[in-house]
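K.L.:
mind looking at a prediction? Sequence and model below.
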There are 2 protein chains.
Amino acid sequence: MEQLIDYILQFGTLNKNQIELVLDKTTITDLPKDAYFAEAGKSFKHRGFILEGVLRICYYNNQGEEITKYFIEENHFIANPYDEEHISEYIQAATDCKLLIFSSKDWKELSDTIIDWESIINKIYRKAMMEKMDRRSSLVSEDATTRYLSFLEKFPTLINRIPLSYVASYLGMTQSSLSRIRKNIR
Amino acid sequence: MEQLIDYILQFGTLNKNQIELVLDKTTITDLPKDAYFAEAGKSFKHRGFILEGVLRICYYNNQGEEITKYFIEENHFIANPYDEEHISEYIQAATDCKLLIFSSKDWKELSDTIIDWESIINKIYRKAMMEKMDRRSSLVSEDATTRYLSFLEKFPTLINRIPLSYVASYLGMTQSSLSRIRKNIR
DNA sequence: GACATTTTTTGCCATATGGCAAAAAGCATA
DNA sequence: TATGCTTTTTGCCATATGGCAAAAAATGTC
């Protein structure tokens, strides 16, 4: 579980006891590919940290198409982005994942016990949101080929591990267009 | 300045003294259309709150095109989204604006004095980021006409107040395409 | 290895959007 | 109102992307 601590310590400091406390609260879990970590409309208050694998946030747009809003990578936290009782989107394992889970009770205990916890988590949250925002933003202003190439740069190992349809909906193009783009690049 | 307080109180509670303190720290300023509130590469540590008007965040992409990343509306805070010493984008008045400004020193004082300040601000920040993220996200998966129509819904009064070029770059299309779409809708 | 199932690629053609330059419209100022 | 400047619209044509269905390839299961 060093991974988790290493990651957190990039954003603030914790002493030995605090590190113990955090580790104490985690439960390690496997989430197989395609399984949901959270489902739209259901209660979702726990938190997770990805040790291995990639998850995706997705929803259905007005035309009923499934859209991948963003991917969450290894060494990132998973939380309800709206910080509400229920979640409005799906959080699904895009590959087999190994996660650390915090129950909402344990998480609250961490906030109450570790003085800087909230502030550290907020730094992490901000950085993560801005990253996703920027990525999304550049998707709007580039052509399809450029979008795909930046995807490859950002997620170099992902393309062979998840269905193309996820990538296509993330990049805002149809799967056949994506397939043609891949052909042209070869 | 009731606007500011009303807005903050949606996210937490402040007592009379705390409200006084916050108001004490604000300076009211006019920012004329096209003026910059912050410029890429420069130091940017102060904060603002928009009483009237709309600002936009923009940057230049790899092809040197100016891209509007998002708009910040009335009754929202303006801050360096990366929370760093320097800013990497431009924050520009899209219309004449009336702002409340907090110096970075004053802002820090608020954090140090008002126990819940950070937590309130974080809630505000999260909500704002998620809104922008969602908006951006739907831009990727819709066709140009739909994107324009949702823009009109989200910013009903903006279209006649700012150059079409800002809107086009925000929506990820050329200005001539936007112009043609407008023609078709009429 | 053979089969069923899922995922990816391809062909054909329709449509949407882009690029560029000129015209038109709008706006400020004298 | 005339003038110059900026913004928006338009025409013409090129190109990119979508839609749909079938074929091909990959994957899992017995």
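P.N.:
Noted; the coordinates are in hand.

K.L.:
so residue A:181 is in which element?
P.N.:
helix A:175-185 (DSSP states H and E).

K.L.:
excluding sequence neighbours, find me the nearest residue to the residue nearest the centre of chain A.
P.N.:
Taking CA atoms, centre = their mean, the centroid of chain A lies closest to residue A:72, which sits 2.0 Å from it. Excluding its sequence neighbours, the residue lying closest to residue A:72 (CB to CB, 6 or more residues apart in numbering or on different chains) is residue A:55, at 4.6 Å. The C-beta positions use only the backbone N, C-alpha and C, and glycine is treated the same way.

K.L.:
what does the strand or helix carrying residue A:108 rub up against?
P.N.:
Using DSSP H and E, the element containing residue A:108 is helix A:104-113. Under the contact criterion CB atoms under 8 Å, 6 or more residues apart in numbering or on different chains, helix A:104-113 has outside partners A:18, A:21, A:22, A:25, A:45, A:46, A:47, A:102, A:117, A:118.

K.L.:
equivalent analysis for stretch A:34-50, please.
P.N.:
A:4, A:7, A:26, A:31, A:55, A:59, A:72-80, A:85-93, A:97-104, A:107.

K.L.:
so residue A:37: helix, strand or coil?
P.N.:
strand (DSSP: H, G, I helix; E, B strand; the rest coil).

K.L.:
check the gap between it and residue B:11 for me.
P.N.:
Noted for residue A:37: a distance of 27 Å to residue B:11, by CB to CB, to the nearest Å.

K.L.:
so where do the helices sit in chain A?
P.N.:
Taking DSSP state H, the helices of chain A run over residues A:2-9, A:16-24, A:104-113, A:117-141, A:144-154, A:164-171, A:175-185.

K.L.:
so for residue B:173, which of the ones you listed sits nearest?
P.N.:
Closest to residue B:173 of these, according to CB to CB: helix A:117-141, at 9.1 Å.

K.L.:
please parse chain A into its domains.
P.N.:
A:2-141, A:142-186 (automatic domain parsing).

K.L.:
may I ask which helix or strand of chain A has the lowest mean pLDDT?
P.N.:
Ranking every helix and strand in chain A by mean pLDDT, DSSP states H and E puts helix A:117-141 at the bottom, with a mean of 90.

K.L.:
report the angle between that one and helix B:164-171.
P.N.:
110 degrees (axes from the mean of the first three to the mean of the last three CA atoms, to 10 degrees).

K.L.:
list the contacts of helix A:117-141.
P.N.:
Residues from elsewhere that reach helix A:117-141 (CB under 8 Å, 6+ apart): A:7-8, A:11-12, A:70, A:76-77, A:79, A:81, A:110-111, A:147, A:150, A:154, A:171-172, B:61, B:65, B:67, B:69-70, B:81-83, B:118-119, B:122, B:125-126, B:129-130, B:132-133, B:136-137, B:139-140, B:169, B:171-172.
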